[in-house]
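Novice: sharing a model that was predicted from the sequence below.
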Amino acid sequence: MNSKPIYVTQPSLPLLSEFNIYLEKIWENKILTNCGEMHQALEKELCEYLGVEFISLFNNGTIALLTALQALEVKGEVITTPYSFVATAHSLLWNGIIPVFVDIDASSMNMNPDKIEAAITPATTAIMPVHCYGNACDVAGIDRIAKKHGLKVIYDAAHAFAVNDHEGCSLLNHGDLSVLSFHATKVFNTFEGGAIVCQSAAMKKKIDQLKNFGFVDEVTVVAPGINGKMSEVNAAFGLLQLKTIDAVLARRKQVSEYYRAELAAIPGIKLAGVDDFERSNNSYFPILVTAEFPVSRDGLYELFKEANIFSRRYFYPLISDFPMYKHLESSADTNLPVAKHVAEQVLCLPIHAELTGDDLSRVVAVIKACSSMCR
Ligand code: T4K
């Protein structure tokens, strides 16, 4: 096979010479980590860019999720979605919390708020929804239920960089805390990285202490904290990435528009998961391959591979099907019929700012070739 590989995602990298300018500064200062100049500058710039008041940077999204649960002192049971990357539920297990899975909504692919109340028990302390693919959860619905039952809300916003709510404000300001991932595969990346967005200076202080072993000063430790700090090199890369993020988001939008125009009328292919393309950050492009399509979802996935195109089945299998979750009562297939169905049909097409027109034609050509089979 001679064609170049097309991956589900690829990071957009700046010129190395531009990054060197930042590295030279770090070499000069010899401050490599522990919330130095770059770390502070990135927190400030992200607050401005995202339209949030308080942000605390982390070395990855998973440690940020673990710490968010610690910061809110969440215990017992937490209601969450099975339709996500496994880190969502793993963060609960690492805190000794029992995940309780509820089903998703078929069109948004996010937690269905109508299913939450029936899952609440006396042990429930919080809800952890996911803005899956960067598409906003029903934040108003979730907020109403949380208030009524005195529950905390931690949004796993790993995919939701630069997404606004219906009022045009940052989606990250909803809930008690929102957790971002800046992994290499994300819209905005710092190689590895993450962040917690919170709503008060006091909470930011608590989170900042928790990510630094619980230190308040040289001789005072107030909590069993962890090492969750983002390094200066990662923060410097983030500062550089912020300079091009608008262009990256604009290119992703073009890719999404192209796919929508090309695929909308193909029988058996359903464009999935986005209620409002204008607000989307186009971090993923999920399609559902339904029974009407001549080839199964897995068949299409394999045909893509033969064409050197690497789509992904995010999020199959469901988290609730992994061995450490399978025994839970809430993992029963009968409790999660919509999530189960969607996980069997979903395929995420390549979407990133580096894709060329030729790349996009190759992706669409595979689908169209399948579509014309048996017709
Ligand atoms: N919550 C949610 C909802 C999440 O989706 C995630 C992470 C988290 C929490 C946890 O956040 P972090 O702790 O990761 O910050 C990837 C990512 O590793 C993971 O971050 C992400 N979600 C998940 C959805 O996807 P894989 O195993 O699919 O990645 P991988 O290595 O197969 O990469 C996919 C493609 O991306 C590759 O085929 C090529 C390209 N790629 C990848 C990497 C790592 C690059 O071009 N460059 C790279 O450096 O998990």
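Specialist: Cool, got the structure.

Novice: which strand or helix spans the residue nearest to residue 49 when sequence neighbours are not counted?
Specialist: With C-beta to C-beta, 6 or more residues apart in numbering as the criterion, residue 49 has its nearest non-adjacent residue at 6.1 Å, and that residue is residue 242. Using the backbone N, CA and C atoms, a C-beta is placed for each residue, glycine as well. For residue 242, the element it lies in under DSSP states H and E is helix 232-263.

Novice: what about the residue nearest to residue 49, neighbour count?
Specialist: By the measure other C-beta atoms under 10 Å, the count of residues near residue 242 is 16.

Novice: what's near enough to touch it?
Specialist: By C-beta atoms under 8 Å, 6 or more residues apart in numbering, the contact set of residue 242 is 42, 45, 46, 49, 188.

Novice: which positions in the stretch 151-300 of the chain make contact with the ligand?
Specialist: 156, 158, 159, 181, 183, 184, 185, 194 (C-beta under 6 Å from any ligand atom).

Novice: contact partners for whichever residue of the stretch 1-150 of the chain sits closest to the ligand?
Specialist: The minimum distance from the stretch 1-150 of the chain to the ligand, using C-beta to the nearest ligand atom, falls at residue 61 (2.7 Å). Going by C-beta under 8 Å, 6+ apart, residue 61 touches 87, 158, 179, 180, 181, 182, 183, 193, 194.

Novice: you'd agree residue 159 is up against residue 284?
Specialist: Yes. Counting by C-beta atoms under 8 Å, residue 159 touches residue 284, with 6.8 Å between them.

Novice: separation between residue 238 and the ligand?
Specialist: Using C-beta to the nearest ligand atom, to the nearest Å, residue 238 is found at 13 Å from the ligand.

Novice: just so I have it, where are all the helices in the stretch 51-200 of the chain?
Specialist: 61-71, 87-94, 116-119, 139-149 (DSSP state H, counting those that start in this stretch).

Novice: looking at these, which is buried most?
Specialist: helix 61-71 (a mean of 26; mean count of other C-beta atoms under 10 Å).

Novice: give me the mean pLDDT for that helix.
Specialist: Mean per-residue pLDDT for helix 61-71: 98.

Novice: now do stretch 79-89
Specialist: Stretch 79-89 carries an average pLDDT of 98.
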